[in-house]
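Engineer: just a sequence and a predicted model for now, questions to come.
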Number of protein chains: 2
Amino acid sequence: MKKIINVPENYTDDMLKGIYSAHKQVKYVADDLRCYCIADKKPGKVAIVTGGGTGHLPLFLGYVGENLLDGCGVGSVFQSPSAEQIYEISKEVEAGSGILYLYGNYTGDIMNFDMAAEMLEMDDIKTRSIVGADDVLSNKLPETRRGVAGIFFMYKYAGAAAAEMGSLDEVYEAANTAKQNTRTVGFALTPCVIPELGHANFSLAENEMAFGMGIHGEPGVWNGDIKTAKELADEAVGEILDDIEIGNGDEVAVLINGLGASSIEELYILSGEVSEILSSKGIKIYKTFVGEYATSMEMAGASISICKLNSDKEKAWLDMEVKTPFIRL
Amino acid sequence: MKKIINVPENYTDDMLKGIYSAHKQVKYVADDLRCYCIADKKPGKVAIVTGGGTGHLPLFLGYVGENLLDGCGVGSVFQSPSAEQIYEISKEVEAGSGILYLYGNYTGDIMNFDMAAEMLEMDDIKTRSIVGADDVLSNKLPETRRGVAGIFFMYKYAGAAAAEMGSLDEVYEAANTAKQNTRTVGFALTPCVIPELGHANFSLAENEMAFGMGIHGEPGVWNGDIKTAKELADEAVGEILDDIEIGNGDEVAVLINGLGASSIEELYILSGEVSEILSSKGIKIYKTFVGEYATSMEMAGASISICKLNSDKEKAWLDMEVKTPFIRL
């Protein structure tokens, strides 16, 4: 295991100590490092709380900050945060207008966010919940798909709507607009290692890749020889456009996300290919984001997310400046 | 070779095409993708030009943007840009107040930047040159050290001084202030692969690392079993503090830089250890930067840079907002 760590079991807490010591814009509550909150809350604003396992930075906690999210439950590597942690965070960040729970479509997370919501109901704090489920190849049925990098657009729209002092329903609808219009396809070239295990859960041969693989190493739709960036872009964009109606004259935002080990150089090679494919179909790219937005530690690979834009409102949400210790746009 | 690429020989140009298509704030001149410039120049400002091989993103071209640099000569992977390319970029970005050449201490780069400076002299354009040479373990003699991630602080100070409309000498002195006060120590856990070669130049065993290794794989001071984050932080900070006088009551900025494959989580684990060590010595951290600032493609590993702060002026330079397609602070 080639990692810069101390005791593997302390991976998550050691990481959190490092984050709190580097960044004073965030804090923890309930004496629990894993109850991660923005340091200052804005009265009257809908609070947005996310959560999920460690191992995906900047997802999830990296999105807590100005014009994005207010709190994040931090689980161990690839594990859900507890209902109690989500509850404690929620009590801290609630600012009088209710809370939107916005996270990825994974069973453990759903169970714990739902339990926290029930606990808050007894405190007369209103919540609504929405899950990211953008991974096209994880399931044919949209509602059962896994949430991956495309949650970025949900965070962006919801964070902007909350910053504009929208109501809980309006913030929910902003997140839902992004959800309905976003699709992601990803692929991995290497596995990653869960520190507590010390070895990868599966292996890929020297020239083998896994197309459609999930960010926890969930199996993809095919394993085979590594294709070229152009072929991968073609196949991924093809899968996305088979799943959502986007065509000549439409406008989109594109997110080229690195899973961890793949170089920034490679992400731009891939981005260039995606841009050419979309242009050739008469689809206009309003904005391209390239970088690490949702990772799997040291997994090599990338994902391509496309978010269809239908209004100037959506563009304004996309353009709103955001500032967290991890994400600044 | 586990890379998302097309033809290996096109790695650099395919990357550049992707960058230009994603980001309209930058452009190329002289019909050469590798002559990378900011799209709009500011009359009367000292122009800052850097350059170096591909494979280190966001170094070097990623620092071209607001309150940082104005142009960058882009070489092939780990190769220098040509004197002609540097000359063409210089002619484009020069804005009436001369040019600072600011790049890493490598023979090919020095030769080509010096040639470009001579060509510009015949055009009556004034240049000054300064090289980053922050890698403590690369040589005992400071002037012969390699330039690595610590060049970030030189870019930051010089970019700020130029934005304040300082003279060429003042911008040079700002870069030199950062140079004199910055030291870096790094280590690698895996090699990286030059696309055109298709295989790594050396190997590290399953539990082996290289302490002091350079960002092109230059040999370090020891190879051995992977140490803990705490041990690595202790040794790296120890080497730095042996080389520059920083002690109780002093203030510093810290840069924890990922070389590529190491997860952001690991960088924060390392950052937390560095923070504890400095605190225990009474050294105050004014600001911590954590992320990928100077990489070696998919090399696993990290570097620690410490920049001693001596004045409010330096803090203001550090705090000045910067905005490039790659770096926003």
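Structural biologist: Yep, that arrived.

Engineer: which helices and strands does the strand or helix carrying residue A:11 pack with?
Structural biologist: Of the helices and strands defined by DSSP states H and E, residue A:11 is found in helix A:11-22. Packed against helix A:11-22 by the contact rule (3 or more CB pairs under 8 Å, 6 or more residues apart in numbering or on different chains; DSSP states H and E) you find strand A:26-28, strand A:47-54, strand A:71-77, helix B:264-280, strand B:284-291. Bear in mind the C-beta positions are built from the backbone N, C-alpha and C, glycine included.

Engineer: what's the angle between that helix and strand A:71-77?
Structural biologist: 140 degrees (axes from the mean of the first three to the mean of the last three CA atoms, to 10 degrees).

Engineer: the helices in the stretch 151-300 of chain A, which residues?
Structural biologist: A:151-163, A:168-181, A:229-243, A:264-280 (DSSP state H, counting those that start in this stretch).

Engineer: which among these is found nearest to chain B?
Structural biologist: The closest of the helices of the stretch 151-300 of chain A to chain B is helix A:264-280. By CB to the nearest CB, the value is 3.1 Å.

Engineer: residues of the stretch 151-300 of chain A that sit close to chain B?
Structural biologist: Within the stretch 151-300 of chain A, the positions near chain B by CB under 8 Å from any CB of the partner chain are A:189-190, A:209, A:226, A:228-230, A:232, A:260-273, A:275-276, A:288, A:290, A:292, A:295, A:297-298, A:300.

Engineer: for the buried ones among the residues you listed, write the corresponding ChimeraX selection.
Structural biologist: Only the buried entries of those go into this ChimeraX selection, using 16 or more other CB atoms under 10 Å in any protein chain shown:
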select /A:189,190,209,226,229,230,232,260,261,262,263,264,265,266,267,268,269,270,271,272,273,275,276,288,290,292,295,297,298,300
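
Engineer: three-state assignment of residue A:40?
Structural biologist: Of the three states, residue A:40 takes coil under DSSP: H, G, I helix; E, B strand; the rest coil.

Engineer: oh, I was asking about residue A:121
Structural biologist: Residue A:121 - assigned by three-state DSSP - is helix.

Engineer: ok, it - contacts?
Structural biologist: residue A:127 (CB atoms under 8 Å, 6 or more residues apart in numbering or on different chains).

Engineer: per-residue confidence for it?
Structural biologist: The confidence metric pLDDT takes the value 97 at residue A:121.

Engineer: thinking again about what came up before, most tightly surrounded among the helices of the stretch 151-300 of chain A?
Structural biologist: Comparing the helices of the stretch 151-300 of chain A by mean neighbour count (mean count of other CB atoms under 10 Å in any protein chain shown), helix A:151-163 comes out on top with a mean of 27.

Engineer: and the angle for that helix with helix A:168-181?
Structural biologist: 160 degrees.

Engineer: angle of helix A:151-163 against strand A:284-291?
Structural biologist: Using the same axes, to 10 degrees: helix A:151-163 against strand A:284-291 is 100 degrees.

Engineer: helices or strands up against helix A:151-163?
Structural biologist: Against helix A:151-163 (3+ CB pairs under 8 Å, 6+ apart) you get strand A:47-54, strand A:99-104, strand A:127-132, helix A:168-181, strand A:251-258, strand A:301-309, helix A:312-319.

Engineer: report the separation between residue A:87 and residue A:116.
Structural biologist: 4 Å (CB to CB, to the nearest Å).

Engineer: which one of those two is surrounded by more residues?
Structural biologist: A direct count of neighbours by other CB atoms under 10 Å in any protein chain shown for residue A:87 and residue A:116 places residue A:116 higher, at 28 against 24.

Engineer: now the more buried one. Nearest residue, chain neighbours left out?
Structural biologist: What sits nearest to residue A:116 in space, not counting adjacent residues and going by CB to CB, 6 or more residues apart in numbering or on different chains, is residue A:86, at 3.8 Å.

Engineer: dump the helix or strand harbouring that neighbour to CSV, keeping only the CA atoms.
Structural biologist: Using DSSP H and E, residue A:86 sits in helix A:83-93. C-alpha atoms of helix A:83-93 as CSV (Å, rounded to 0.1, in the frame of the first residue of the first chain):
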residue,chain,number,x,y,z
ALA,A,83,-27.6,9.5,11.9
GLU,A,84,-26.5,11.1,15.1
GLN,A,85,-23.7,12.9,13.4
ILE,A,86,-26.0,14.2,10.7
TYR,A,87,-28.4,15.3,13.4
GLU,A,88,-25.7,17.2,15.3
ILE,A,89,-24.5,19.0,12.2
SER,A,90,-28.1,19.8,11.2
LYS,A,91,-28.8,21.3,14.7
GLU,A,92,-25.7,23.5,14.3
VAL,A,93,-26.2,24.8,10.8
